[in-house]
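Novice: 3D, please:
(one chain, ligands or ions: 1)
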Amino acid sequence: MSSNSLEGKNVVVIGGTAGIGLATAKAAADLGAKVWAAGRSQSHIDRAIEVSGGSFEVRQADTHDAEALDAIFREAGTVDHLVSAAVGGERTLKPFLQQTQEQFQAAYDKLWGYCNVVRVGAPYLEDDGSITLVSGSPARKIKPGQSPLSCVGASVENLVRCLAVEMAPIRVNVVSPGTIATAMFDHFGEEKDEKLSGMTATHLIKRAGTSEEVAQGLIFVMQNKYVTGTTVDVDGGRILS
Ligand SMILES: NC(=O)c1ccc[n+]([C@@H]2O[C@H](COP(=O)([O-])OP(=O)(O)OC[C@H]3O[C@@H](n4cnc5c(N)ncnc54)[C@H](OP(=O)(O)O)[C@@H]3O)[C@@H](O)[C@H]2O)c1
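Specialist: Model (predicted):
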């Protein structure tokens with residue numbers, strides 16, 4: 001068995017029925033892990049079952065629903081690697097002063113969902129296991145109109161550092177994607193490719209990333225037993241552009 005194998009490991013990916021989470025579930029299953037991927041909508045669940053080809057389990061759960069999360073962890077029994085890649089909140093992309101307090105607060109549902117996943121999942125984690133959360137480049141690359149992404153992403157990154165200190169030897173890390181071509185941009189419709197090209201034109205790597213490229217970052221922090229409390233940027237150099 002290669003040292004990179006996840007053979008015999010239990011991996012739970014909340015927000016694992018589309019995009020980055022789905023690519024992570026598939027990559028972990030391809031490396032031999034027993035994987036549970038979860039999301040809310042039946043349409044994403046159906047698509048994930050199709051993508052899995054039976055190589056991983058797909059379940060329904062919302063990051064805000066502790067009971068549904070616990071049912072997945074109970075089914076797994078013990079968890080070696082816990083991932084939350086759910087979007088989990090409504091973001092209003094307008095300048096801060098043009099948002100209502102309610103709109104700004106709604107973006108934090110992502111953080112509260114991640115907190116819930118960690119609280120409910122922690123009792124099931126193996127001592128040599130890991131937790132990986134997903135932030136996003138706006139956490140450290142500030143642009144006008146993105147304060148909800150920046151503030152929530154930065155909170156996720158700091159939560160990870162706190163958890164890494166408090167939960168050691170369990171390893172806790174965060175992966176920060178740049179602009180990635182996922183369902184998140186489906187609202188652009190037929191203009192999706194053109195819009196993504198425009199959004200990434202000034203990045204060091206001038207294209208949107210793929211879910212599979214970000215999944216490689218998530219798999220890296222699961223596999224490497226000496227990595228904890230860190231942020232892995234998979235962003236085509238967006239932070240520096
Ligand atoms: N794509 C990007 O450019 C980008 C950039 C920076 C950061 N990110 C971050 O990367 C993560 C993954 O994004 P993505 O682009 O892969 O999104 P995506 O393609 O929309 O997939 C999101 C996944 O999370 C699930 N989900 C959303 N809300 C959930 C909730 N409350 N509870 C459980 N599952 C939930 C979705 O299924 P359901 O909707 O059916 O529940 C889906 O499976 C997110 O945290 C996002 O903020 C993405």
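
Novice: doesn't residue 174 make contact with residue 130?
Specialist: No - at 11.3 Å, residue 130 does not count as touching residue 174 under the criterion of C-beta atoms under 8 Å. To be clear about C-beta, it is placed using only N, CA and C from the backbone, and glycine gets the same treatment.

Novice: and residue 161, what is it in contact with?
Specialist: With contact taken as C-beta atoms under 8 Å, 6 or more residues apart in numbering, residue 161 is in contact with residue 229.

Novice: and residue 13, what does it touch?
Specialist: Neighbours of residue 13 in contact, by C-beta under 8 Å, 6+ apart: 21-22, 24-25, 28, 35-38, 83-85.

Novice: quick one: stretch 37-45 near the ligand?
Specialist: Yes - for stretch 37-45, a contact with the ligand is found by C-beta under 6 Å from any ligand atom, at 39-41, 44.

Novice: isn't residue 27 up against residue 219?
Specialist: Yes - applying C-beta under 8 Å, one finds residue 27 in contact with residue 219, separated by 5.2 Å.

Novice: which of the two has more neighbours?
Specialist: residue 219 (24 against 21; other C-beta atoms under 10 Å).

Novice: separation between the more buried one and residue 179?
Specialist: Noted for residue 219: a distance of 21 Å to residue 179, by C-beta to C-beta, to the nearest Å.

Novice: ok, and the closest non-adjacent residue to whichever residue of the chain sits closest to the ligand?
Specialist: For the chain and the ligand, the shortest gap (C-beta to the nearest ligand atom) falls at residue 19, measuring 2.3 Å. Using C-beta to C-beta, 6 or more residues apart in numbering and skipping residues adjacent in sequence, the residue nearest residue 19 is residue 182, 3.4 Å away.

Novice: contacts for stretch 116-132, please.
Specialist: Applying C-beta under 8 Å, 6+ apart, the external contacts of stretch 116-132 come out as 12, 14, 63-64, 66, 69-70, 73-74, 76-84, 86, 133, 160, 163, 167, 169-175, 218, 221-222, 225, 228.

Novice: what's the longest strand in this protein?
Specialist: strand 125-134 (DSSP state E).

Novice: go through it and flag the buried ones.
Specialist: Applying a neighbour-count criterion of 16 or more other C-beta atoms under 10 Å, one finds 125, 129-134 buried in strand 125-134.

Novice: just to check, residue 207 is in contact with residue 198?
Specialist: No - between residue 207 and residue 198 there is no contact under C-beta under 8 Å: 11.3 Å.

Novice: from residue 189, how far out is the residue nearest to the spatial centre of the chain?
Specialist: For the chain, residue 85 is the residue whose C-alpha lies nearest the centre (C-alpha atoms, centre = their mean; 2.1 Å). The gap separating residue 85 from residue 189 is 24 Å, by C-beta to C-beta.

Novice: now do residue 171
Specialist: Separation of residue 171 from residue 189 (C-beta to C-beta) stands at 40 Å.
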